[in-house]
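J.: Kindly generate the corresponding structure for this input.
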Amino acid sequence: MTIAAPVSSNAKFARSPLLHPETLIDPELLVPQLSADTKIGAIKELVDRMHLKGIVGDSLSFLQSVLERENLQSTILGGVIALPHARSRSVNKLGLALGIARPPIDFPSGDDRRPIELICLIAVPADAPDLYLALLAALARTFADVEFRQSLVNCTSRKELYHLLSSRQIG
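T.: The predicted structure is shown next:
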């Protein structure tokens with residue numbers, strides 16, 4: 001998923017209670033089967049995809065920012081999904097990448113540690129704090145739906161993930 005909104009429209013998203021899926025989703029950033037079997041490996045796999053799409057300019061710097069953020073406070077929601085994220089100067093535009101870990105991977109985060117299947121990485125430009133907070137809140141509400149989360153986990157292709165996510169109102 002990618003939020004490819006121009007900088008001038010970021011304020012619109014920050015004020016909007018709903019984020020529209022057609023604006024958010026990039027099928028190339030949906031990974032129905034992560035190849036990594038560790039937390040750092042999974043996050044790096046998603047960071048590398050963001051780098052290839054131009055969302056992240058310096059993948060190593062962004063990865064470091066995400067891992068530092070992970071040490072501060074848990075990004076695990078409901079014990080089943082992780083939302084690793086960071087604001088960084090190495091991020092060119094707001095973006096999301098979603099990966100499914102099969103089997104679930106051990107995911108230490110802040111003072112929490114759980115086996116995680118869904119990882120939704122969020123990349124935020126250093127100058128976009130309002131949009132960042134609105135997006136995190138919207139994703140938390142969306143992923144709170146147990147049936148929706150299970151449907152995501154059951155997807156076996158990028159096409160299935162894209163269809164499910166694009167049919168869902170985020171927020």
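J.: From now on I want contacts and neighbour counts done on CA atoms only, so please keep to that.
T.: Noted.
J.: Mind picking out the helix or strand in this protein with the poorest mean pLDDT?
T.: Least confident helix or strand of the chain, by mean pLDDT, DSSP states H and E, is helix 10-15 with a mean of 38.
J.: what's the distance between residue 97 and residue 60?
T.: 16 Å (C-alpha to C-alpha, to the nearest Å).
J.: cool, and residue 163?
T.: Residue 163 is 31 Å from residue 60, where distance means C-alpha to C-alpha.
J.: for residue 124, same thing?
T.: Distance, residue 124 to residue 60, using C-alpha to C-alpha: 15 Å.
J.: between residue 97 and residue 60, who's got more neighbours?
T.: Neighbour count, other C-alpha atoms under 10 Å: between residue 97 and residue 60, residue 97 has more, with 26 against 15.
J.: The more buried one in helix, strand or coil?
T.: Following DSSP: H, G, I helix; E, B strand; the rest coil, residue 97 is assigned to strand.
J.: count of neighbours near residue 102?
T.: 16.
J.: One more: the one 4 residues further on?
T.: Counted by other C-alpha under 10 Å, the residues lying close to residue 106 total 15.
J.: Pretty sure it sits in a strand.
T.: Yes: per three-state DSSP, residue 106 lies within a strand segment.
J.: residues in contact with it?
T.: The contact partners of residue 106, by C-alpha atoms under 8 Å, 6 or more residues apart in numbering, come to 38, 39, 113, 114, 115, 116.
J.: Mind doing that once more with 6 Å?
T.: Contacts for residue 106 (C-alpha atoms under 6 Å, 6 or more residues apart in numbering) come out as 114, 115.
J.: Residue 91 now?
T.: Residue 91 touches 55, 56, 57, 125, counting by C-alpha under 6 Å, 6+ apart.
J.: which residues pair with the second one across the strands?
T.: Taking DSSP bridges, one finds residue 91 as the beta-bridge partners of residue 56.
J.: avg pLDDT for stretch 156-167?
T.: Stretch 156-167 shows an average pLDDT of 91 in the prediction.
J.: ok, now stretch 107-126?
T.: Regarding stretch 107-126, the rounded mean pLDDT is 93.
J.: what's that stretch in contact with?
T.: So stretch 107-126 is contacted by 39, 70-74, 80-89, 91, 93-101, 104-106 (C-alpha under 6 Å, 6+ apart).
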